[in-house]
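J.: Kindly generate the corresponding structure for this input.
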Amino acid sequence: MRGALAPYVASVVAYDVDLGGPGVHRGLPSTTVTFVLPVGEPLDVGWQDRPGSREQRWSTLSGLHAHPAEIHHDGHQAGVQLALTTTGARALLGLPAAELAGLLLELDDVAPALRHLPERLHATPRAGWVDLVEQALVEALAQHDAPEPRAEVGHALARLTRGASVAAVADEVGYSRRHLGSLVRAECGIAPKQVQRIGRFQASRALVGRVPLADVAHRCGYADQSHLTREWVALAGCPPSTWLREEFPFLQDLGTTVEGG
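T.: Modelled structure (predicted):
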C-alpha cells in the first residue's frame, strides 16, 4: 500500500482463482466501499433477490449495504479488489460514500477519470496489477479537493464499526442521536444503527470458521448463537454454516476476504 493511500484504502488484493466449476459467490456487507476491477471476463453481479440489478460490468463500485450481492462465475475469477474507507470515497472519487450506498455502479458513473483502468489492467501482467491501480489512485488523489468529513463524524463511524452503541457514540461526540444520525447518513448513506450492525457482522465474519459459533456470538456482541444466525441470514442470505461450506475454501485459496457488490 502506497503511503499516500493508507487513510483511504483499507485493503487491496489481486486475485486469480480457479473455483472448480461455475457457481455463485456471495458479496457480503461491509463498512467500506467495494471497488472491483475484473480481468479476463466482466464481473456478473447483482443484488440477491433483485434480478433487475444483475449486469456484467468491467468495473463495479458499491457503497455500504445491508444485503448480499451475488457474483455469478464460470469457475474462474481474476482481477483486483479494493476496500475504500468512507473518507477514501471523498478523496479518491470526489463524492461522499452516501452517494454509493446500496448501489452497483461503474467507473463511468462515478469517476470518469479512472475509466481507463479496466483496459490498462487487461494489458498488464498480474504482477503489476496492484501497482497499476495504486498509481492511478495516487493520481486521482491529487485531482480531488473534496472536504474531509467532520472529525467527530469519522470518530463516530470508527466507534460504531467496532460495536459501540449509538447512544454512547452520541454522548462521546456531544450530539443528540438525531443529529448524529443525520450526519452519519449524509456521510455513508445509512443510519448509525445499521453501521453498528454491519460492523458487528463484519467482525463475526472474521471469526466464523476459526472459533465455535457460540464464541463468535459472545465476542461480537450478539445475544446468543441464534441471534448471530438470524443476523447472518438477514445480511448474508444464509447461516454461517452454509457460508463456511460454500465460501470458505474459496476465501482460503484467495488468501483474503473478497467482498463483492
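J.: isn't there a strand covering residue 128?
T.: No - under the criterion used here (DSSP: H, G, I helix; E, B strand; the rest coil), residue 128 is helix, not part of a strand.
J.: ranges for the strands of the stretch 1-150 of the chain?
T.: With DSSP state E, counting those that start in this stretch as the criterion, the stretch 1-150 of the chain has strands at 9-18, 23-27, 33-38, 43-47, 55-57, 60-62, 69-73, 76-84.
J.: Adding distance to residue 244, write these out as JSON lines.
T.: (Glycine included, C-beta is placed from N, CA and C.) Conversion of the strands of the stretch 1-150 of the chain to JSON lines gives the following (distance: least, CB to CB, whole Å):
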{"stretch": "strand 9-18", "distance to residue 244": "18"}
{"stretch": "strand 23-27", "distance to residue 244": "12"}
{"stretch": "strand 33-38", "distance to residue 244": "21"}
{"stretch": "strand 43-47", "distance to residue 244": "22"}
{"stretch": "strand 55-57", "distance to residue 244": "28"}
{"stretch": "strand 60-62", "distance to residue 244": "24"}
{"stretch": "strand 69-73", "distance to residue 244": "18"}
{"stretch": "strand 76-84", "distance to residue 244": "19"}
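J.: Mind checking these for the one nearest to residue 163?
T.: Residue 163 lies closest to strand 9-18 among those, at 17.3 Å (CB to CB).
J.: what helices or strands is that closest one leaning on?
T.: In terms of contacts (3 or more CB pairs under 8 Å, 6 or more residues apart in numbering; DSSP states H and E), strand 9-18 is packed against strand 76-84, helix 129-143, helix 240-254.
J.: could you redo the ones you listed as CSV and give each row distance to residue 219, mean pLDDT and mean neighbour count?
T.: Shown next, in CSV, are those (distance: least, CB to CB, whole Å; pLDDT from 0 to 100; neighbours: other CB atoms under 10 Å):
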stretch, distance to residue 219, mean pLDDT, mean neighbour count
strand 76-84, 22, 95, 22
helix 129-143, 32, 94, 17
helix 240-254, 14, 70, 15
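J.: Quick one: closest of these to residue 162.
T.: Across those, closest to residue 162 is strand 76-84 (CB to CB), at 16.2 Å.
J.: Does anything pack onto the closest one? Which helices or strands?
T.: For strand 76-84, the packing partners by 3+ CB pairs under 8 Å, 6+ apart come out as strand 9-18, strand 33-38, helix 129-143.
J.: Could the C-alpha coordinates of stretch 221-234 be exported in PDB?
T.: Backbone C-alpha positions of stretch 221-234 (Å, rounded to 0.1, in the frame of the first residue of the first chain) are rendered in PDB as follows:
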ATOM      1  CA  GLY A 221     -21.900  -8.800  21.000                       C
ATOM      2  CA  TYR A 222     -24.700 -11.000  19.800                       C
ATOM      3  CA  ALA A 223     -27.200 -12.100  22.400                       C
ATOM      4  CA  ASP A 224     -26.600 -15.700  21.600                       C
ATOM      5  CA  GLN A 225     -25.800 -18.100  18.700                       C
ATOM      6  CA  SER A 226     -29.400 -17.900  17.500                       C
ATOM      7  CA  HIS A 227     -29.100 -14.100  17.200                       C
ATOM      8  CA  LEU A 228     -25.900 -14.500  15.300                       C
ATOM      9  CA  THR A 229     -27.500 -16.900  12.900                       C
ATOM     10  CA  ARG A 230     -30.600 -14.700  12.300                       C
ATOM     11  CA  GLU A 231     -28.300 -11.700  11.500                       C
ATOM     12  CA  TRP A 232     -26.300 -13.800   9.100                       C
ATOM     13  CA  VAL A 233     -29.500 -14.900   7.300                       C
ATOM     14  CA  ALA A 234     -30.600 -11.300   7.000                       C
END
